[in-house]
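Trainee: predicted model, plus sequence, below.
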Amino acid sequence: NRVENYLNYKLNNKIKNSAAHTRRLLFHLPAYGCGYKKLFLDVDSGQPRVIHIPGDSLIYDYWAESIEDAPHITHLYYLNYNEIEENIRKGVFVDHDLGEGEAKKPETTTSKEVIESPSSDRSWFYGEQHRWLDLDHDGFEEPWICTFHIPTKKISRIRAAFRAEDVTMNETGEISKIKR
């Protein structure tokens, strides 16, 4: 009970925008039928962050017993030019041609005219996929997080989704299990 109280305190009082994202999740729930919270460590601030993911922005295998057992989970989202450029300059993303991007349009328009917008109002469609890959060709798949630009099918980032302490070895020194 003490650990539960502490984690609830951290989630509700110490994590930036947690309450706002919870409200957004509850607001979208009747429309989408489901919604998700993504908890992650913000590398820039060193603090945990929570964001709301609408039900139509998270894709996983229909036949999986649960989301935890799904072989891959994909979060779809948009980034603006500055967010992409910041990630490239920090060395988080590899540099690649983005194309024109998509103009952000108002939710409802009464006119059929195309709305021209400056490049700062454009966004680019990305996916972040948590999946199993055998990148070291040892015959055992490890959990990885792959971020990719959807229109160009270019990978922007791959990073390990495990730590050394998550790996279990057998008596012959082979990997027998990796905790995701």
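Mentor: Cool, got the structure. Residues are numbered from 1 along each chain as shown.
Trainee: and the helix ranked longest in the chain, which residues are buried?
Mentor: Longest helix in the chain by number of residues (criterion: DSSP state H): helix 18-32. Neighbour-count burial for helix 18-32 flags S18, H21, T22, R24, L25, H28 (criterion: 16 or more other CB atoms under 10 Å). Every C-beta, even on glycine, is put in place using the N, C-alpha and C of the backbone.
Trainee: same thing with stretch 60-67?
Mentor: Y60.
Trainee: now stretch 39-48: how far from the chain's centre is it?
Mentor: 13 Å (CA atoms, centre = their mean, to the nearest Å).
Trainee: can you list contacts of that stretch?
Mentor: K10, I15, K16, R49, V50, I51 (CB atoms under 8 Å, 6 or more residues apart in numbering).
Trainee: again, only this time at 7 Å
Mentor: I15, K16, R49, V50 (CB atoms under 7 Å, 6 or more residues apart in numbering).
Trainee: mind naming the longest strand for this protein?
Mentor: Of all segments of type strand in the chain, defined using DSSP state E, the longest is strand 122-133.
Trainee: A161: which of the contacts of stretch 39-48 is nearest?
Mentor: A161 lies nearest to R49 out of the contacts of stretch 39-48, by CB to CB, at 17.0 Å.
Trainee: can you tell me the closest non-neighbouring residue to the closest one?
Mentor: D42 (4.6 Å; CB to CB, 6 or more residues apart in numbering).
Trainee: likewise I67?
Mentor: Y60 (5.8 Å).
Trainee: the one you found and I73 touch, don't they?
Mentor: Yes - between Y60 and I73 there is a contact at 4.5 Å, judged by CB atoms under 7 Å.
Trainee: pull up the overlap in contacts between those two.
Mentor: Counting by CB under 7 Å, 6+ apart, the contacts common to Y60 and I73 are I67.
Trainee: which SSE is immediately downstream of the longest strand of the chain?
Mentor: strand 142-149 (DSSP states H and E).
Trainee: parallel or antiparallel, list what pairs with that following strand.
Mentor: strand 122-133 (antiparallel), strand 154-160 (antiparallel) (DSSP bridges).
Trainee: now these in a markdown table, with mean neighbour count, distance to D97 and mean pLDDT?
Mentor: Formatted as a markdown table, those follow (neighbours: other CB atoms under 10 Å; distance: least, CB to CB, whole Å; pLDDT from 0 to 100):
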| stretch | mean neighbour count | distance to D97 | mean pLDDT |
| --- | --- | --- | --- |
| strand 122-133 | 17 | 11 | 92 |
| strand 154-160 | 15 | 8 | 94 |
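Trainee: same list (those) but as TSV, adding distance to A64.
Mentor: Listed next are the strands paired with strand 142-149 as TSV, based on distance: least, CB to CB, whole Å:
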stretch	distance to A64
strand 122-133	12
strand 154-160	22
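Trainee: which stretch among these comes nearest E100?
Mentor: strand 122-133 (7.2 Å).
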